[in-house]
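**Student:** model this:
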Amino acid sequence: MKRADRVPRWLDDLAEALDTAASLVARGRRAYNGDPAIPLAFEALSIRVGEIAKRLTTADPGRFSAEIWSDAAQHRDFVAHHYDRVDRDVLWETVARAFPALRAELQQVREA
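**Tutor:** Numbers count the residues shown, from 1 in each chain. Got it, this is the predicted structure:
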């Protein structure tokens, strides 16, 4: 199976990960600060989202050329390789603000 044939599945996987992140963000900053499982979930979701972004940009660079895709991939690399230096405030901001922007970009790509 060619990479391009996997794109629809990856888009679905990405939407699911971003929706999961949004449901955790909806619990609020107090829950994020008080429950150590939520920041760990944010790290895992950041890795998943970034990995999917990498796959998409490799499979179809023209379609996934917006900077937000490479930003997601770079965020994934930082979280995966420098987990001991992840700033909890930056992680919150990324998932609470950048992920919804990526969700909007995903919707535009699907509609195009």
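
**Student:** Counting neighbours, which bits of the worst-scoring helix or strand of the chain on mean pLDDT end up buried?
**Tutor:** Lowest by mean pLDDT, DSSP states H and E among the helices and strands of the chain is helix 3-25, with a mean of 94. Across helix 3-25, burial judged by 16 or more other CB atoms under 10 Å covers V7, W10, D13, L14, A17, L18, T20, A21, L24, V25. Using the backbone N, CA and C atoms, a C-beta is placed for each residue, glycine as well.

**Student:** try stretch 76-91
**Tutor:** With the criterion 16+ other CB under 10 Å, stretch 76-91 contains buried residues R76, V79, V86, L91.

**Student:** now swap in stretch 63-79 and tell me
**Tutor:** In stretch 63-79, counting by 16+ other CB under 10 Å, buried: F64, I68, W69, D71, A72, A73, H75, R76, V79.

**Student:** And these, which is closest to I38?
**Tutor:** Distance to I38, by CB to CB, is smallest for V79 among the buried residues of stretch 63-79, at 14.5 Å.

**Student:** host element of D89?
**Tutor:** Using DSSP states H and E, D89 sits in helix 88-93.

**Student:** same question for that helix, mean pLDDT?
**Tutor:** Here helix 88-93 scores 97 as its mean pLDDT.

**Student:** who's in contact with the nearest residue to D13 once chain neighbours are set aside?
**Tutor:** Spatially, and ignoring its direct neighbours in sequence, D13 is nearest to I52 (5.8 Å; CB to CB, 6 or more residues apart in numbering). I52 makes contacts with W10, D13, L14, A17, as judged by CB atoms under 8 Å, 6 or more residues apart in numbering.

**Student:** Just put those in CSV and tack on distance to R97.
**Tutor:** Below are the contacts of I52 laid out as CSV (distance: CB to CB, whole Å):
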residue, distance to R97
W10, 23
D13, 21
L14, 17
A17, 16
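
**Student:** Within the helices and strands, which one has the residue nearest the centre of the chain?
**Tutor:** For the chain, the residue nearest the mean C-alpha position is V49 (3.1 Å; CA atoms, centre = their mean). Element membership for V49 (DSSP H and E) is helix 37-59.

**Student:** after that helix, next one along is what?
**Tutor:** The helix or strand immediately downstream of helix 37-59 is helix 67-81, counting by DSSP H and E.
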